[in-house]
Structure formats: C-alpha cells, structure tokens
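*Asks:* Give me the fold of what follows.
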Amino acid sequence: MASFHFLLVFFSLVSLALAKTSPRPILQVTKDAKTLQYITQISQRTPLVPVKLTLDLGGPYMWVNCERGYTSTTYTPALCGSSPCRLLNTTSCTTGTSCQPPVPDCFNNTCGHGPDNPIANTGTSGQLGADIFKIQSSNGKNVQPALTVPRLYFICGNNFINDGLAAGVTGMAGLGRTGASLPAQLSSYFRFDHKFALCLSSSTKSSGAVFFGDGPYTLLPNVDASSSLTYTPLIINPVTESGFLGDASPKYFIGVKSIKVNDKRVTAFNQSLLSIDEEGKGGTSISTAQPYSVLETTIYKALVAAFVKAMPKNVEKVANVAPFGACFSSKNIGSTRLGPAVPFIELELESKNVWRINGANSMVEAKKDVLCLGFVEARTDFAPTIPVVIGGHQIEDNLLQFDVSASRLGFSSSLLGRSTTCANFNFTSTV
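*Replies:* Okay, the predicted model is just below:
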C-alpha cells in the first residue's frame, strides 16, 4: 500500500511538471515607434499567411480585416445559434448568398458581431468564422516548434475599422475576459488553466511577450519573473461600455483604493470615482490600446499637482509638451536602476498590496533634456465611464499575470529591480 501511494504521488508530480514545461503558445510583441501600439504576428488560413495584429488587452476576440484579400480553403463560417456564437452572446443572424467553399464576404445563416477599434474609436458590422491558426510556442524558457489550432474563431472586419492601426497591421488580437478571446480559446484547446502573462518591452528595438498558460516565464539572465508575484483580485464590471447590464465588460479591472505620491495620499478628487457603481461607471482598468495612463480630469489635476509639489526644488518645471501636463528639465534629475530619480506613485489596491510606479514607468523623455509625467487627461468633451485607465507605458517591463480561472492579477512591479527587462525572453534559441 505504501508503494502504491508513493507511485501515485510520483506520477502526480510528473504530470504537474509536464503541465508546466510542455510547449505553450507565446506571442512575440514589438512596440511600434510611430503609433506606440504593441504589435504581434500569427499565421492563419490555408495556405498559411502571416497576419500582423495590434494587441488589445481588453478586446473580446481577435478580428481580421477580411477586405484585404482574405482567401483560404479552410475558412468555416459560424452558423446562427451554434456554440461559437453563444461564446459571444450574440443573437444577430446574417443572410446572403451561399458560396462554395464559404468565404468571409459570402455567407448565409451566419452569426454576426460588430468588431471595433478602440484606438480609432470606430466600429462596424462583421461575421464570425474560423480558420487554421498557427502560433509560436515556448517551454517558458526558450522557443519551441510552432503550434497549430485547426479552428480558431475570429471576427471579419473591414477597411473602415483598420484606420489608425500601425503600418502593415490588419486586425487586433483581443485578450479580453470573454469566452472568445485568444487566451480563452487557446486554454480551451490546449487544456491548461485560463491564464496568461503580459510582459511588454519599453524599447521599439526589442520584443516583449505574451505567455499563455502558467509559468515559468524565464527572462535572461535566468530570472523567473513569475516566482515573486504580488496578487490582487480581478474585478468584473457587470456592464459593458455600451451600457448593457448583464453583458459583462471584457476589460480587466482592479480595485484601486487610493493614489499616493511619495507616501502622501492624493485627496483632491472624489474618491468614489475609484469604485464601479451600479451603472458600471468608475473603477480602474488596464489597457494596451492606450500608450499612457488616462485619468478623469479631477483625478489627473490632483495627481499632477501632488507630483509637482513632491518634485525636488532644484528641478526646474518647463513648458509642457503635448499631450503631457507636467514637464521638467532633466538636468538636475538623477538616474537610478528604476529610472529617473523622481517622486514615486503608488496605487493602493483592494488586496492591501501596493503597485509602485517608479521613474522608468512614470516619466517620458518628450524631447532633449525634458522629462514629462507620462499620464494624460481624458477628453473633456465627455465624461469617461472608466476614470482610471492604466496604459502601456506604466506596465512596460512589468510582468502581469491575468489568472482568469482564479480571478486575480499577479504583478511583478518593475523588472528593472531584478536586473532584467521584458525584452530578455530568448526568442532565438530552441535549446
């Protein structure tokens, strides 16, 4: 009996080890110098075609511009009422002329859904379909042979919503909190927990990554960025930005309780804005569609005032450089391992943990000898439904693990403090 228990434990440990080290999908992500969008590439269709996509952390699904010469012998439309349509909670049904073989612009009895582009704030109608999908893989340390999904569902978009995307990009990779997003479909097909990790590089000359599945997420020189994560709950906003109660937002929200600058709480705004109300307004989300964190006007002005007040007196404030509202001469600002030596910003979280934003993630070099606070004010011509949106610059060189299965976010804080960056995953070796 003792030997049986030993074998049971042994095989359980082996299974766990295999689950952690077997190849898992990975996206290589680069930052576009002109648009500051985060770009990745997958392969799709038969024959396979490389497809460049802009990363959309809160996007509900992947969409591809099917007006840009989409041809494939393996494209399959999603029929009305089918389980893929239910993943999108859509009852829309389109009719038209049937084609053999089916192609995206010739459909009948196919469920429709409107893809949107949050960068250009545009939306249109589209159809749900599936095709062969090929993606890089890794063992958490090195790249491995590519993986193929025979049928991955996506929405067909068009030229109208392609506007504003980086050169060569023909769609968006949605990583949002839905059953149709890339993480959801990949975790379902490859049978691992619904979780993924985002690690964006701050450089336009090197690549970051999106790791699907659990860690390790190993960065050179042999730093497992998943080994010391701090956790806070992921909060479900039960109302989409379109205002439909019961159709939960695909965006990732966290509970920020207060904002501090150099340990002093910023109080000159209505603190209730940090909570999601019954209409789905309020709270804090995380976005890759915004290059910098976007704050509601009163929060923005309060943060800027507190930051300027905390800046050392020998640092000269200079003329602002759009779109930023607080800029400084860099001549008397020192350098640290965590970036420019400026006041630190802290987000006090629902979990009582703290997300600290140091100089590398708070400051932007707007021009020679000028550093600006890298937060921007939300448009003043309408009241934003989300008053705090943490943007790309604030999460670069931080590893964020979105554990949807456990409804929690794991964050590393700046990896610069561990002498590595998100550009240090080994995309060149298969050893």
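*Asks:* per the record, what domains does this structure have?
*Replies:* 23-192, 223-424 (automatic domain parsing).
*Asks:* what bits of the stretch 251-400 of the chain have low per-residue confidence?
*Replies:* Counting by pLDDT under 70, the stretch 251-400 of the chain has low-confidence residues at 381-383.
*Asks:* Now tabulate the domains of the chain in TSV and tack on distance to residue 204 and mean neighbour count.
*Replies:* All C-beta atoms are positioned from the backbone trio N, CA, C, and that covers glycine. Output for these, formatted as TSV (distance: least, C-beta to C-beta, whole Å; neighbours: other C-beta atoms under 10 Å):
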stretch	distance to residue 204	mean neighbour count
domain 23-192	4	19
domain 223-424	10	18
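*Asks:* Can you tell me which of those domains is nearest to residue 210?
*Replies:* Proximity to residue 210 (C-beta to C-beta) singles out domain 23-192 among the domains of the chain, at 4.1 Å.
*Asks:* ok, so what distance separates residue 327 from residue 268?
*Replies:* Note on residue 327: its distance to residue 268, by C-beta to C-beta, to the nearest Å, is 21 Å.
*Asks:* Residue 353 too?
*Replies:* Residue 353 is 24 Å from residue 268, by C-beta to C-beta.
*Asks:* same question, residue 174
*Replies:* For residue 174 relative to residue 268 (C-beta to C-beta), the value is 36 Å.
*Asks:* Please enumerate the strands of the stretch 151-300 of the chain.
*Replies:* In the stretch 151-300 of the chain, the strands defined using DSSP state E, counting those that start in this stretch lie at 169-174, 195-199, 207-212, 218-219, 223-224, 230-235, 252-254, 256-261, 264-265, 284-286, 293-295.
*Asks:* Dump the ones you listed into a markdown table; add distance to residue 426 as well.
*Replies:* Formatted as a markdown table, the strands of the stretch 151-300 of the chain follow (distance: least, C-beta to C-beta, whole Å):
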| stretch | distance to residue 426 |
| --- | --- |
| strand 169-174 | 22 |
| strand 195-199 | 13 |
| strand 207-212 | 10 |
| strand 218-219 | 8 |
| strand 223-224 | 12 |
| strand 230-235 | 25 |
| strand 252-254 | 27 |
| strand 256-261 | 34 |
| strand 264-265 | 42 |
| strand 284-286 | 26 |
| strand 293-295 | 30 |
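*Asks:* Of those strands, which is nearest residue 405?
*Replies:* strand 195-199 (6.0 Å).
*Asks:* and that closest one with strand 207-212, angle?
*Replies:* Counting by axes from the mean of the first three to the mean of the last three C-alpha atoms, to 10 degrees, strand 195-199 lies at 170 degrees to strand 207-212.
*Asks:* quick one, phi/psi of the nearest residue to residue 259 once chain neighbours are set aside?
*Replies:* Nearest residue to residue 259 in three dimensions, chain neighbours excluded: residue 266, at 4.6 Å (C-beta to C-beta, 6 or more residues apart in numbering). Torsion angles at residue 266 (phi, psi; degrees, to the nearest 10) stand at phi -90, psi 120.
*Asks:* who are the neighbours in contact with residue 266?
*Replies:* With contact taken as C-beta atoms under 8 Å, 6 or more residues apart in numbering, residue 266 is in contact with 258, 259, 260, 299, 302, 303, 306.
*Asks:* just to revisit the earlier point, in TSV, list the domains of the chain along with distance to residue 216.
*Replies:* Formatted as TSV, these follow (distance: least, C-beta to C-beta, whole Å):
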stretch	distance to residue 216
domain 23-192	4
domain 223-424	5
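*Asks:* can you give me the helices in this structure?
*Replies:* Counting by DSSP state H, the chain has helices at residues 2-21, 83-87, 159-162, 182-190, 297-310, 359-362, 392-395.
*Asks:* Distance from the chain centre to the last one, please.
*Replies:* It stands for helix 392-395. Put simply, helix 392-395 sits 10 Å off its chain's centre (C-alpha atoms, centre = their mean, to the nearest Å).
*Asks:* Just the pLDDT at the nearest residue to residue 154 once chain neighbours are set aside, thanks.
*Replies:* Distances taken as C-beta to C-beta, 6+ apart put residue 62 closest to residue 154, at 4.3 Å, once the chain neighbours are dropped. pLDDT, the model's per-residue confidence, is 97 for residue 62.
*Asks:* Identify the residues contacting the most centrally placed residue in the chain.
*Replies:* Nearest to the mean C-alpha position of the chain, by C-alpha atoms, centre = their mean, lies residue 57 at 2.8 Å. By C-beta under 8 Å, 6+ apart, the contact list for residue 57 reads 175, 176, 198, 251, 252, 286, 287, 288, 289.
*Asks:* please redo it, this time with the cut-off set to 7 Å
*Replies:* 175, 198, 252, 286, 287, 288 (C-beta atoms under 7 Å, 6 or more residues apart in numbering).
*Asks:* right, and the last one touches residue 59 too?
*Replies:* No: using C-beta atoms under 7 Å, residue 288 and residue 59 do not qualify as a contacting pair, with a distance of 9.0 Å.
*Asks:* Quick one: residues contacting the closest residue to residue 77 other than its chain neighbours.
*Replies:* Closest residue in space to residue 77, ignoring its immediate chain neighbours: residue 110 at 4.4 Å, by C-beta to C-beta, 6+ apart. By C-beta under 7 Å, 6+ apart, residue 110 lies in contact with 77, 78, 79, 80, 94, 127, 128.
*Asks:* List just the nearest of those residues to residue 31.
*Replies:* For the contacts of residue 110, the nearest to residue 31 is residue 128 (30.0 Å; C-beta to C-beta).
*Asks:* what's the closest non-adjacent residue to that closest one?
*Replies:* Using C-beta to C-beta, 6+ apart, the closest residue to residue 128 is residue 78 (4.1 Å).
*Asks:* any idea of the pLDDT on the one you found?
*Replies:* pLDDT, residue 78: 90.
*Asks:* And residue 162, by the same measure?
*Replies:* Reading off the confidence values, residue 162 has pLDDT 95.
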